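> predicted model, plus sequence, below.
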Amino acid sequence: QVQPVESGGGLVQAGGSLKLSCAASGSIFKINHMGWYRQAPGKQRELVASITSGGSTDYIDSVKGRFTISRDNAKNMVNLQMNSLKPEDGAVYYCNANLRLKSWSLSDVYWGQGTQVTVSS
């Protein structure tokens, strides 16, 4: 069973930084793209940043220039460095991995349990 596990959330003051990490454990043939989503209370889950297996990245406009997504393919890990945090960045952050378990299997999406990020003003 594959289970992405997030770490690194917590409480930080506005203007501070946090680094989130996510490791996908289990028997995995290939991870395609990985991403970080977030969901604030009363709001829909939104894609914050994504990265392909080749390293191409994409961000929502509100975090461009402040957040950086990276991955370590050898460790099946994806990181999200968050700088200049704002109160509106506070949410539960979820790791997402689109991967194949076997060479012959179709791709599927796996979610982590989420990690809380709270930014105080």
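Now that the structure is in, tell me what you want to look at. Numbers count the residues shown, from 1 in each chain.
> any idea which element the most centrally placed residue in the chain lies in?
For the chain, the residue lying nearest the average C-alpha position, counting by CA atoms, centre = their mean, turns out to be Trp36 (2.6 Å). Using DSSP states H and E, the secondary-structure element containing Trp36 is strand 30-39.
> go ahead and name everything in contact with the helix or strand following that strand.
Elements were assigned by DSSP H and E; along the chain past strand 30-39, the next helix or strand is strand 46-51. Outside strand 46-51, the residues within contact range by CB atoms under 8 Å, 6 or more residues apart in numbering are 33-39, 57-60, 63, 67, 69-71, 78, 80, 93. For every residue, glycine as well, the C-beta is placed using N, CA and C.
> for stretch 2-19, measure first residue to last.
23 Å (CA to CA, to the nearest Å).
> mind listing what's buried in that stretch?
Residues of stretch 2-19 classed as buried: 4, 6, 8-9, 12, 18 (neighbour count, 16 or more other CB atoms under 10 Å).
> could you do stretch 105-117 as well?
Buried residues in stretch 105-117, counted by 16+ other CB under 10 Å: 110, 112, 114-115, 117.
> ditto for stretch 82-97
Neighbour counts using 16+ other CB under 10 Å place 82, 85, 89-97 of stretch 82-97 among the buried residues.
> pLDDT on the strand holding Trp36, on average?
Taken as a whole, strand 30-39 has a mean pLDDT of 96.
> one more: stretch 4-14?
If you average the pLDDT values across stretch 4-14, you get 96.
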